[in-house]
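Student: build me a model from this:
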Amino acid sequence: LLFKRLSISLCLVACSMALLLVLLIHQKPYAVHLFLKYEYNRSQGVVPRLDYLSGYAKLALKPRFFIHHTDKDVLAQEHMFRSDINFYNYAEQMYVIGELFIEECYYFTAQKKDPFILDCGGNIGLATLYFKKYLYPQARIFVFEPDPCNFSVLKKNIENNKLTDVTLFNKALSNKKGQAEFCVNRKGSTSAHLMFEKKSSTGISTKEEQKTFVQCVLLSDYIDRPVDLLKLDVEGAEGLVLEDLEKTGKIKDIKEMLIEFHNGCAKTLGDILHTLDNNNFVYIAKQGQTLMIHATNTKAIDKA
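Tutor: Below you'll find the predicted structure:
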């Protein structure tokens with residue numbers, strides 16, 4: 001048994017070195033940097049190294065050697081992380097895969113086998129796949145994604161992988177209901193946002209962005225039971241969602257939050273932390289590609 005474990009460990013080390021060597025030879029320093037950064041920051045998690053090595057290798061090497069186009073408007077599909085994943089952009093997915101499956105920024109410990117999770121800012125569904133495939137297969141998840149293009153890919157990824165107890169909403173989240181202007185810069189973008197909540201440094205949307213309208217809803221209307229995890233990555237509307245939860249009192253039903261803060265949003269970082277302080281949350285913040293806030297409801301802990 002010891003020899004078998006040693007052999008597996010040596011194979012993984014050899015695979016890692018081979019991947020890094022190939023990336024270096026073919027002038028992909030950004031891929032090497034990302035891989036090493038996420039591996040270095042890996043302090044916890046459940047994704048086996050063989051899973052993320054093979055997935056990362058496909059994203060880094062396949063566009064170089066095995067496909068004849070790099071058109072970001074063409075939907076691609078790869079089998080990785082125990083899933084058939086559809087997506088648009090190989091390079092952009094390297095960042096997402098690194099955060100989700102190597103660094104495991106959404107890792108959390110629930111008190112039961114079937115936690116209720118709110119995935120706000122579902123994009124194409126990779127976080128939901130992580131929750132269902134690696135953490136809690138019996139989890140019940142509500143996923144909110146306003147971008148129509150991303151939502152169609154999200155739906156395909158959920159259906160293709162036969163995930164159950166996952167409910168999808170093609171809605172934006174804010175502090176008020178109604179239609180709102182929405183900006184997207186490309187298919188499969190991870191940075192689509194509400195126009196009145198996030199602007200460029202010049203105060204207006206960038207020329208590359210295309211505008212449409214989406215339906216905004218209140219997250220509080222969807223909370224009718226204790227929430228084990230609120231994952232909040234809504235490109236600048238984080239503070240507005242928390243404002244709604246605080247105003248309606250639904251914030252007290254949330255046990256744990258993972259909030260990705262974005263600069264240029266409707267609320268400042270101070271506003272968000274003030275809301276957490278006022279509602280019995282303790283939190284830590286970690287700076288990566290973005291600022292991630294991990295908040296825990298102390299009152300919920302006391303009740304447990």
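Student: which stretches in this protein count as strands?
Tutor: Per DSSP state E, the chain carries strands over the ranges 76-80, 83-87, 116-120, 140-144, 166-169, 172-173, 178-184, 193-194, 210-217, 229-232, 256-261, 281-287, 291-297.
Student: so for Cys105, which of those strands sits nearest?
Tutor: strand 291-297 (5.7 Å; CB to CB). All C-beta atoms are positioned from the backbone trio N, CA, C, and that covers glycine.
Student: which residues touch the closest one?
Tutor: 105, 252, 254-261, 269, 272-273, 276, 279-286 (CB atoms under 8 Å, 6 or more residues apart in numbering).
Student: mean pLDDT per element in the protein, and the minimum belongs to which helix or strand?
Tutor: strand 193-194 (a mean of 54; mean pLDDT, DSSP states H and E).
Student: quick one on the thing from earlier: closest to Arg64 out of the strands of the chain?
Tutor: If you check each of the strands of the chain against Arg64 by CB to CB, strand 76-80 wins as the nearest, at 14.0 Å.
Student: how much space between Tyr136 and Val143?
Tutor: In this view, Tyr136 and Val143 are 15 Å apart by CB to CB, to the nearest Å.
Student: of those two, who's got more company?
Tutor: Between Tyr136 and Val143, Val143 has the larger neighbour count (other CB atoms under 10 Å), namely 26 against 19.
Student: tell me what that one is bridged to.
Tutor: Beta-bridge partners for Val143, by DSSP bridges, are Asp119, Leu168.
Student: could I get the pLDDT score of it?
Tutor: The model reports Val143 with a pLDDT of 98.
Student: go ahead and confirm it touches Gly121.
Tutor: No. Counting by CB atoms under 8 Å, Val143 stays clear of Gly121, with 9.0 Å between them.
Student: and Lys198, what's its pLDDT?
Tutor: Looking at Lys198, the pLDDT reads 43.
Student: let me fix that, I meant to ask about Lys255.
Tutor: 97.
Student: with adjacent residues omitted, what lies nearest to it?
Tutor: Leaving aside its chain neighbours, Lys255 sits nearest to Ala300 (4.2 Å; criterion: CB to CB, 6 or more residues apart in numbering).
Student: which positions within stretch 148-166 qualify as buried?
Tutor: Of all the residues in stretch 148-166, those buried under the rule 16 or more other CB atoms under 10 Å are 149-151, 153-158, 161, 163, 166.
Student: greatest separation within those residues: which pair is it?
Tutor: Most distant of these, by CB to CB, are Cys149 and Leu163, 20.2 Å apart.
Student: so who does the most centrally placed residue in the chain touch?
Tutor: By CA atoms, centre = their mean, the chain has its centre lying nearest to Ala127, at 4.8 Å. Ala127 sits next to 100, 106, 119, 231, 233 when contact means CB under 8 Å, 6+ apart.
Student: by pLDDT, give me the weakest of those residues.
Tutor: pLDDT across the contacts of Ala127 is lowest for Leu100, at 88.
Student: how many neighbours does it have?
Tutor: 22.
Student: quick one: it from Gly45, how far?
Tutor: 10 Å.
Student: equivalent analysis for Val214, please.
Tutor: Val214 sits 33 Å away from Gly45, going by CB to CB.
Student: who has more neighbours, the two?
Tutor: The neighbour comparison of Val214 against Gly45 (other CB under 10 Å) goes to Val214, with 22 against 17.
Student: sketch out the low-pLDDT regions of the stretch 201-304 of the chain for me.
Tutor: 201-209, 264-266, 289, 301-304 (pLDDT under 70).
Student: how about Tyr136, what does it touch?
Tutor: 110, 113-115, 117.
Student: try it again at 6 Å.
Tutor: Counting by CB atoms under 6 Å, 6 or more residues apart in numbering, Tyr136 touches Pro115.
Student: how about it, phi and psi?
Tutor: When quoted as degrees, to the nearest 10, the phi and psi of Tyr136 stand at phi -140, psi 90.
Student: how near is it to Asp119?
Tutor: Going from Tyr136 to Asp119 by CB to CB gives 12 Å.
Student: please apply the same query to Lys177.
Tutor: From Lys177 over to Asp119 the distance is 20 Å, taken as CB to CB.
Student: those two: which is more packed in?
Tutor: More crowded of Lys177 and Asp119, by other CB under 10 Å: Asp119, with 27 against 13.
Student: so where do the helices sit in this protein?
Tutor: With DSSP state H, the ranges of helices along the chain come out as 2-25, 29-40, 49-65, 90-97, 126-130, 148-160, 238-248, 269-278, 298-303.
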